[in-house]
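[1] Make a model of this:
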Amino acid sequence: QVQLVESGGGLVQAGGSLRLSCAASGRTISSYTMAWFRQAPGKERGFVATISWSGGTTSYADSVKGRFTISRDNAKKMVYLQMNSLKPEDTAVYYCAAGLNGVSRSSYDYELWGQGTQVTVSS
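    The predicted structure follows:
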C-alpha cells in the first residue's frame, strides 16, 4: 500500500511562489498516475494537475496553466507542484492523489489521497 504525505504549503503574498511536495511511503509509485487537487472553503475539491507514471504526459486545469508545473521523481517516490505567480484565488488545501486508471481530471480515478497541505495567498 502507498501512503501519501504533502508538505510545502504556507502563507505567501500574491505573485509569490511555493513548491509543494508529496512523499510516498510503502511500495513504489512508478506505476501510478499522480495528481494534485485543491479544495477552497465552501467549494468542492477540484482538479489542479496530473502526471502520467512516466512523467511524459501532464495536464493542467485552465486556471493554473502556465503558472503551475507538476513533476515527479519515481526513484525518490516524490511528486512536486511548483506554483508561480500565485493569486488569492489559489488559496486552498492542496491534496496529492495516486491512481491506476491513467491520466484523468476526475477525482474518482484516484484511489489514494494524502491529508492535504494549506496554501494561503494574501493580496
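[2] Nearest spatial neighbour of Arg45, chain-adjacent residues omitted?
    Spatially, and ignoring its direct neighbours in sequence, Arg45 is nearest to Gln39 (4.2 Å; Cβ to Cβ, 6 or more residues apart in numbering). Using the backbone N, CA and C atoms, a C-beta is placed for each residue, glycine as well.
[3] Could I get the phi/psi values of that neighbour?
    In terms of degrees, to the nearest 10, the main-chain angles of Gln39 are phi -140, psi 120.
[4] Where does the prediction get shaky in this structure?
    In the predicted model of the chain, no residue satisfies pLDDT under 70.
[5] hmm, back to that, Gly55 versus the residue nearest to Arg45, what's the distance?
    From Gln39 across to Gly55, the span is 25 Å (Cβ to Cβ, to the nearest Å).
[6] same thing with Arg19?
    17 Å.
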